[in-house]
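My questions concern the predicted model and sequence given below.
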Amino acid sequence: MPKDKPILIEVPSMDFIMVDGCGDPNNNLGFEQAIELLYGLSYAIKMSKMKGIQPEGYFEYVVPPLEGLWWIDEGGFSFEKRDNWKWTLMIRQPEFVNEEFFKLACGLLIRKKPGLPIEKARFEAFTEGLCVQIMHIGPYSTEPQSMKKIDDFIAQEGLRDRLGSGGKHHEIYLSDPRKSKPESIKTVLRHPVQTLPIV
């Protein structure tokens, strides 16, 4: 986990359950359903041992935090203008989870909650590569202050921001905003970058 100062990291490939959507996440039914899907599937996998159907290699673990990828199709990304946001919500899965077991978990969840749009969930590897990340402490509305630190770091280190060329702004939500004071919410902010060629 990062400190409150930007650092450069190389993020390896990891497996996630993902759900895509668009628009402002506030008062967004699709966003709420995505969260319900992700946690429902993640806990179906975690609790599979209770049904005696856990996959080979299963081990005890804590369900990882919710993560979000954010981007727009055209123009500059703005934290204030949200109606054009595209997003992918996701939760990392342990190494023993594969496509076959993900589909089994989908079957378990849809029997329990038949109204959920299970077809929107997918199991996919995500390789992020070179990134700058920082720990943001405070409400989501003050994230631009931490992003300014990332932007300054990118410039100082001679890096190129990849957000406008296929990269996505990445957030990892370490706190439950329903149970945390706004000033104590912890969110990892991660930004894709690339090194500039030496000339």
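Thanks, I have the structure now. Numbering: from 1, shown residues only.

CA only for contacts and neighbour counts going forward, please
OK.

Tell me the buried residues in the helix or strand hosting His191?
Secondary structure from DSSP states H and E places His191 in strand 186-195. By neighbour count on 16 or more other C-alpha atoms under 10 Å, the buried set for strand 186-195 is 186-193.

which strands and helices sit next to that strand?
Secondary-structure packing of strand 186-195 (3 or more C-alpha pairs under 8 Å, 6 or more residues apart in numbering; DSSP states H and E): strand 129-137, helix 143-156, strand 159-161, strand 169-173.

who wins for proximity to Trp87 among those?
Among those, the nearest to Trp87 by C-alpha to C-alpha is strand 169-173 (9.4 Å).

Report the angle between the closest one and strand 129-137.
Counting by axes from the mean of the first three to the mean of the last three C-alpha atoms, to 10 degrees, strand 169-173 lies at 50 degrees to strand 129-137.

Let me know the average pLDDT across strand 169-173.
The predicted model gives strand 169-173 an average pLDDT of 96.

do stretch 185-199 as well
Averaged across stretch 185-199, pLDDT comes to 87.

buried residues in stretch 35-48?
For stretch 35-48, burial by neighbour count (16+ other C-alpha under 10 Å) applies to 35, 37-42, 44-46, 48.

before we move on, what about stretch 115-127?
Neighbour counts over stretch 115-127 (16+ other C-alpha under 10 Å) mark 116, 118, 121-124 as buried.

picking that back up, just give me the closest of the buried residues of stretch 35-48 to Tyr173.
Nearest to Tyr173 among those: Ile35, at 12.1 Å, using C-alpha to C-alpha.

Could you say which helix or strand holds that closest one?
helix 29-46.

Bridged to the most centrally placed residue in the chain, which residues?
In the chain, the residue lying closest to the centroid (C-alpha atoms, centre = their mean) is Glu67, at 2.2 Å. Taking DSSP bridges as the rule, Glu67 bridges to Met90, Ile172.

From what I see, it and Glu171 are in contact.
Yes. Counting by C-alpha atoms under 8 Å, Glu171 is a contact partner of Glu67 at 5.6 Å.
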